[in-house]
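J.: give the three-dimensional model of this entry:
(one chain, ligands or ions: 1)
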Amino acid sequence: MTFRDPSTVRRIAIVGAGVIGSGWAAHFLARGYEVAVQDPDPVAADRFWTFLDAAWPTLEGLGLAPCAARHRVSFSRDIETALEAADFVQECAPDDRELKAELFALMDAVVPPGIVIASSTSGIPMTDIQAKSKHPERMVVGHPFNPPYLIPLVEVVGGRQTAAAAVEWATAFYRLAGKWSLRLDRELLGFVANRLQEALWREVLHMVSAGEATVEQIDAAVVHGPGVRWAIMGPCLTFHLAGGEQGIRHMLQHFEHALLEPWCRMEAPPLTDSLYERMEEGCRQAAADRPMAELIRDRDEALVRVLAILGRLPAPGSSTHLG
Ligand SMILES: NC(=O)c1ccc[n+]([C@@H]2O[C@H](COP(=O)([O-])OP(=O)(O)OC[C@H]3O[C@@H](n4cnc5c(N)ncnc54)[C@H](O)[C@@H]3O)[C@@H](O)[C@H]2O)c1
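T.: Down below sits the predicted model:
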């Protein structure tokens, strides 16, 4: 199976315009693509335009691709309209196995077979999503991180019926479009980054549930501690450096006992009403009653500064050629 040159992609369809679909749309728009957004919810259009108004100044500040313009995005409730003439599709509907499989079968019937269709799913295997489609070979997972218009990572992996060429194509395309695409070798449930997040999240919920630590203490511990290191190197190299002259070997030997200690809880705690209430109350206090839009704006401004220091901002004009 061969696919068109990724550099010839002009028009992208975004299916589902919630948090992630809106974020992808803003990203592709800023990189100079024509973007057709679709969502069946009657309130989604207003929500999307409000979102774009808030995100666009940040993207302008980052540097837009030469032909990037806000008027190059359209919105429809009807999926056929959005998919028309699409050179690439990024699906962002809710993480529901049956819904995604039906949606992919529908898109499969409308979009020509040589066009790659990617799912943003956080954890449903592509093998399940592509199960009802006639052309499953062009279907991949392109799992982003929120907000997709600022966080570079996108994990790319195929399902059992995906052609290797489609995974290669998507990996190359995302790079061209200003993302840091990470091609995975295997269809790992939750991919790499979500499995890591979940391990930490599970422990967060245990500590809050048992009253061992508050939301505020947990967030402070990450932000002022490991989070700073993780922005520049991953957990493996971080521990290698912490192991002195012998590096990671010393770390593994030295802390072997810690892995067996009772503090390593592998099961998630029960999600009781009381845990929901503690998490909500803790997050409300951490947010200090600031509205969500203000929190998002402050987060985005800080992320741009971090990415600039790390040299990880997409080069202005990285998706250039588009016109
Ligand atoms: N939120 C995150 O942090 C995050 C991160 C990475 C990946 N994802 C994945 O992205 C996808 C979307 O998640 P989200 O957080 O944006 O959810 P969301 O609930 O914010 O948005 C989902 C949108 O899909 C729309 N929708 C519902 N049925 C649809 C259909 N049949 N066709 C098209 N659109 C439909 C809804 O109206 C809604 O606007 C999920 O697969 C999720 O796992 C989420």
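
J.: dump the residue contacts of the residue in the stretch 151-300 of the chain positioned nearest to the ligand.
T.: Per CB to the nearest ligand atom, residue 194 is where the stretch 151-300 of the chain lies closest to the ligand, at 7.9 Å. In this view, the C-beta of every residue, glycine as well, is placed from N, C-alpha and C. If you count contacts by CB atoms under 8 Å, 6 or more residues apart in numbering, residue 194 has them with 122-123, 143.

J.: for the record, mean pLDDT for the host helix or strand of it?
T.: If you go by DSSP states H and E, residue 194 is part of helix 191-209. For helix 191-209, mean pLDDT is 95.

J.: with stretch 84-101 instead?
T.: The model assigns stretch 84-101 a mean pLDDT of 97.

J.: that stretch near the ligand at all?
T.: Yes - with CB under 6 Å from any ligand atom as the criterion, the ligand is reached by stretch 84-101 at 92-95, 99.

J.: from residue 242, how far out is residue 252?
T.: Distance, residue 252 to residue 242, by CB to CB, to the nearest Å: 11 Å.

J.: where does the stretch 1-150 of the chain get nearest to the ligand, which residue?
T.: residue 18 (1.8 Å).

J.: run through this structure and note the low-pLDDT ranges.
T.: Within the chain, the ranges that satisfy pLDDT under 70 run 262, 315-323.

J.: hmm, try it at 50
T.: Across the chain, the ranges flagged by pLDDT under 50 are 321-323.

J.: show me which residues of it sit near the ligand.
T.: So far as CB under 6 Å from any ligand atom goes, the chain lies against the ligand at 15-21, 39-41, 44, 92-95, 99, 103, 120-122, 143-144, 146.

J.: of these, which belong to strands?
T.: Secondary structure defined by DSSP state E assigns 15, 143-144 of the residues of the chain next to the ligand to strands.

J.: what helix or strand is residue 27 on?
T.: Per DSSP H and E: residue 27 is located in helix 19-30.

J.: tell me the helices and strands packed up against that helix.
T.: Helices and strands touching helix 19-30, as assessed by 3 or more CB pairs under 8 Å, 6 or more residues apart in numbering; DSSP states H and E, comprise strand 11-15, strand 34-38, helix 44-62, strand 88-91, strand 139-144.

J.: which residues touch the second one?
T.: Here strand 34-38 makes contact (CB under 8 Å, 6+ apart) with 10-17, 21-22, 25, 28-29, 48, 72-79, 81-84, 86, 322.

J.: name every strand pairing with that strand and say which way it goes.
T.: Applying DSSP bridges, strand 34-38 is found paired with strand 11-15 (parallel), strand 73-76 (parallel).

J.: switch these over to JSON lines; also include mean neighbour count.
T.: Below are the strands paired with strand 34-38 laid out as JSON lines (neighbours: other CB atoms under 10 Å):
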{"stretch": "strand 11-15", "mean neighbour count": "26"}
{"stretch": "strand 73-76", "mean neighbour count": "18"}
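
J.: and the angle from the helix holding residue 27 to helix 44-62?
T.: Between helix 19-30 and helix 44-62, the angle comes out at 50 degrees (axes from the mean of the first three to the mean of the last three CA atoms, to 10 degrees).

J.: mind listing what's buried along helix 19-30?
T.: Under the neighbour-count criterion of 16 or more other CB atoms under 10 Å, helix 19-30 has 20-30 buried.

J.: just the residues contacting that helix, thanks.
T.: With CB under 8 Å, 6+ apart, helix 19-30 has contacts from 12, 14-15, 17, 35, 37, 39, 47-48, 51-52, 55-56, 59, 62, 64-65, 68-70, 72-73, 90, 92-93, 120, 144, 146-149, 177-179.

J.: filter the residues you listed to the buried ones?
T.: By 16+ other CB under 10 Å, the contacts of helix 19-30 give 12, 14-15, 17, 35, 37, 39, 48, 51-52, 55-56, 59, 62, 64-65, 68, 72-73, 90, 92-93, 120, 144, 147-149, 177-179 as buried.

J.: nearest to residue 111, out of the helices and strands packed on helix 19-30?
T.: strand 88-91 (6.1 Å; CB to CB).

J.: now do that closest one: distance to the chain's middle.
T.: 14 Å (CA atoms, centre = their mean, to the nearest Å).

J.: cool, stretch 170-186 as well?
T.: 12 Å.

J.: again with stretch 65-82
T.: For stretch 65-82, the distance to the chain centre is 20 Å (CA atoms, centre = their mean).

J.: hmm, back to that, alpha carbons of the helix holding residue 194, as PDB, please.
T.: Output in PDB follows, covering the C-alpha atoms of helix 191-209 (Å, rounded to 0.1, in the frame of the first residue of the first chain):
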ATOM      1  CA  PHE A 191       0.600   3.500  24.800                       C
ATOM      2  CA  VAL A 192       3.700   4.500  26.600                       C
ATOM      3  CA  ALA A 193       3.000   8.000  28.000                       C
ATOM      4  CA  ASN A 194      -0.500   7.100  29.400                       C
ATOM      5  CA  ARG A 195       0.800   4.000  31.200                       C
ATOM      6  CA  LEU A 196       3.400   6.200  32.900                       C
ATOM      7  CA  GLN A 197       0.800   8.800  33.800                       C
ATOM      8  CA  GLU A 198      -1.600   6.200  35.100                       C
ATOM      9  CA  ALA A 199       1.000   4.700  37.400                       C
ATOM     10  CA  LEU A 200       1.500   8.100  39.000                       C
ATOM     11  CA  TRP A 201      -2.200   8.900  39.000                       C
ATOM     12  CA  ARG A 202      -3.000   5.700  40.800                       C
ATOM     13  CA  GLU A 203      -0.700   6.600  43.600                       C
ATOM     14  CA  VAL A 204      -2.100  10.100  43.700                       C
ATOM     15  CA  LEU A 205      -5.600   8.700  44.300                       C
ATOM     16  CA  HIS A 206      -4.300   6.300  46.900                       C
ATOM     17  CA  MET A 207      -2.700   9.100  48.900                       C
ATOM     18  CA  VAL A 208      -5.800  11.300  48.700                       C
ATOM     19  CA  SER A 209      -8.200   8.500  49.400                       C
END
